[in-house]
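[1] Following is a predicted model, sequence given first.
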Amino acid sequence: MKFLIPFILVLAASTTHASELEKLGWLAGHWVSPDGAAEEVWLEPKGGTMSGSFRWVFPNGKVVLEYMVIEQTEDGITFRFKHYNPNFEPWEKGEPNTYRVIAIEDHSVSFERVSENDKAPLKYRYSRQDDMLEFMGEGDSGEDPLVLRFHIRK
């Protein structure tokens, strides 16, 4: 019995953490831009994580690839990603781009950058309306703020 109590406490704690991540279940699915050039796939929350990938193919043949993880920790929900070339060489040589959740609403989530990569947007936001997912990244690079926006459908 004394061995069962710590197991039950760990199980209860992981269930509490997982429930916060469950609020992002609406993000799961295969999302595609109207022209088919951009695709994003998110797996359902499981084991305290959601994993996803993103691919953007330009008319000139250049490809942007990302591998993404949203993780529930004791400190909250963290979003991490790295960009890759098709040969799986990472663009970011060190730590991944790392963000923390700053707001979760019914069908939207906002993240703020905590890593030091000033080339990555300061904030990311996903919001869903029906079968449309909007992704927006915004930053501040002086007079020319970075704004990236995608509308993709399930």
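    Okay, I see it.

[2] so how far is Glu44 from Val109?
    15 Å (CB to CB, to the nearest Å). Where C-beta positions appear, they are placed from N, C-alpha and C, glycine not excepted.

[3] So between the two, which is more surrounded?
    Neighbour totals were compared for Val109 and Glu44, and Val109 leads with 21 against 12 (other CB atoms under 10 Å).

[4] which non-adjacent residue is nearest that one?
    Tyr126 (5.3 Å; CB to CB, 6 or more residues apart in numbering).

[5] dump the residue contacts of that neighbour.
    Neighbouring residues of Tyr126 by CB atoms under 8 Å, 6 or more residues apart in numbering: 27, 108-109, 133-135.

[6] if you skip the residues just before and after it, what's nearest to Phe81?
    Met68 (4.1 Å).

[7] Using CSV, please lay out the contacts of Tyr126 together with distance to Arg100.
    As requested, these are exported to CSV (distance: CB to CB, whole Å):
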residue, distance to Arg100
Leu27, 16
Ser108, 16
Val109, 11
Leu133, 21
Glu134, 20
Phe135, 17
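
[8] Inside strands: which ones of the residues you listed?
    Under the assignment DSSP state E, the contacts of Tyr126 contribute 108-109, 133-135 to strands.

[9] Give the other helices and strands that the longest strand along the chain contacts.
    Scanning the chain for the strand with the most residues, using DSSP E, yields strand 63-73. For strand 63-73, the packing partners by 3 or more CB pairs under 8 Å, 6 or more residues apart in numbering; DSSP states H and E come out as helix 4-22, strand 49-57, strand 76-84.

[10] who's in contact with that strand?
    Contact with strand 63-73 is made by 17-18, 20-21, 24, 42, 45, 48-58, 77-86, as judged by CB under 8 Å, 6+ apart.

[11] 7 Å instead, please
    When contacts are defined by CB atoms under 7 Å, 6 or more residues apart in numbering, strand 63-73 is touched by residues 17-18, 20-21, 24, 48-57, 77-84, 86.
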